[in-house]
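**Q** No letters, just coordinates:
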């Protein structure tokens with residue numbers, strides 16, 4: 001069975017279609033729309049690219065990964081009447097803490113100095129669970145996206161999404177199911193914060209993965225496909 005309503009997919013920082021391709025192979029989606037956030041150089045660009053993919057009289061499902069979850073939340077708030085469901089993967093609606101903003105500022109300084117090594121073990125270990133660091137189905141995709149999109153895209157994405165405000169109040173006003181998907185060992189979107197968000201939102205549910213890092217679409221593709229399929233009305 002394929003989804004009847006269009007499904008919009010929003011990638012994360014330094015990601016393109018490759019972050020979702022394993023997931024897409026397991027789901028039959030008649031109207032799949034990818035929002036190419038990798039082309040954007042500002043948050044306004046990201047909003048514009050997203051708005052172009054929603055028609056005035058239709059209901060759409062939103063699926064956002066990491067930074068894409070942030071943009072999906074903003075788009076949902078701008079198009080309340082058009083939202084059928086929202087699935088937020090490895091995204092914390094609480095926004096960025098002061099410490100996280102400081103870390104990003106430090107990273108921006110390093111990037112401007114030319115320091116970017118995406119095939120470095122420490123870079124991969126920040127996003128991928130230790131048990132999957134030897135899995136080339138995961139690491140090769142992360143590394144290839146980072147190399148192909150490059151330092152300039154990482155810099156643009158970081159600046160465009162910093163600071164990142166709390167979107168819980170926005171999500172509260174959406175009259176559609178909100179599904180949060182997180183990983184207990186995610187070092188980016190902390191599970192405790194996602195649990196708080198799930199309790200705070202009246203229409204939210206939370207799925208938690210074990211032995212998984214931040215790259216949930218690559219690390220837990222089959223389980224994620226089952227969850228997303230339920231959200232958008234598709235059987236695997």
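**A** Yep, that arrived. Computed from a prediction, not measured in an experiment: that's the story for all the values here.
**Q** for the chain, which spans come out with low pLDDT?
**A** With pLDDT under 70 as the threshold, the chain has low-confidence stretches at 1-3, 236.
**Q** go again using 90 as the cut-off
**A** Along the chain, the parts satisfying pLDDT under 90 run over 1-4, 56, 96-101, 103-123, 162-164, 234-236.
**Q** so where do the strands sit in it?
**A** In the chain, the segments counted as strands under DSSP state E are 7-10, 32-34, 60-65, 83-89, 178-183, 204-209.
**Q** Tabulate these (CSV), appending distance to residue 122 and mean neighbour count.
**A** For the C-beta atoms, the positions are set from N, CA and C on the backbone; glycine is no exception. What follows is the strands of the chain, written out as CSV (distance: least, C-beta to C-beta, whole Å; neighbours: other C-beta atoms under 10 Å):
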stretch, distance to residue 122, mean neighbour count
strand 7-10, 27, 26
strand 32-34, 30, 16
strand 60-65, 22, 27
strand 83-89, 24, 25
strand 178-183, 19, 26
strand 204-209, 23, 18
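**Q** Residue 107: which of those is closest?
**A** Evaluated with C-beta to C-beta, these place strand 60-65 nearest to residue 107, the distance being 19.6 Å.
**Q** who touches that closest one?
**A** 3, 5-12, 15, 19-20, 33, 54, 70-73, 75-76, 79, 82-91, 216-217, 228, 231-232 (C-beta atoms under 8 Å, 6 or more residues apart in numbering).
**Q** Stretch 179-190 now?
**A** With C-beta under 8 Å, 6+ apart as the test, stretch 179-190 has contacts from 66, 85-93, 126-127, 129, 191, 194, 197-198, 204-214, 216, 219-220, 224, 227, 231.
**Q** now swap in stretch 136-154 and tell me
**A** Stretch 136-154 is touched from outside by 13-16, 18-19, 22, 38, 111, 114, 116, 118-119, 123-124, 127-128, 132-133, 215, 218-219, with contacts defined as C-beta under 8 Å, 6+ apart.
**Q** Likewise for stretch 18-34?
**A** The set of residues external to stretch 18-34 that reach it, using C-beta under 8 Å, 6+ apart, is 1-9, 11-12, 17, 53, 60, 65, 137, 141, 144-145, 215, 217-218, 221-222, 224-225, 228-229, 232, 234, 236.
**Q** Now do the end-to-end distance for that stretch.
**A** Between the opening and closing residues of stretch 18-34 there is a gap of 11 Å (C-alpha to C-alpha, to the nearest Å).
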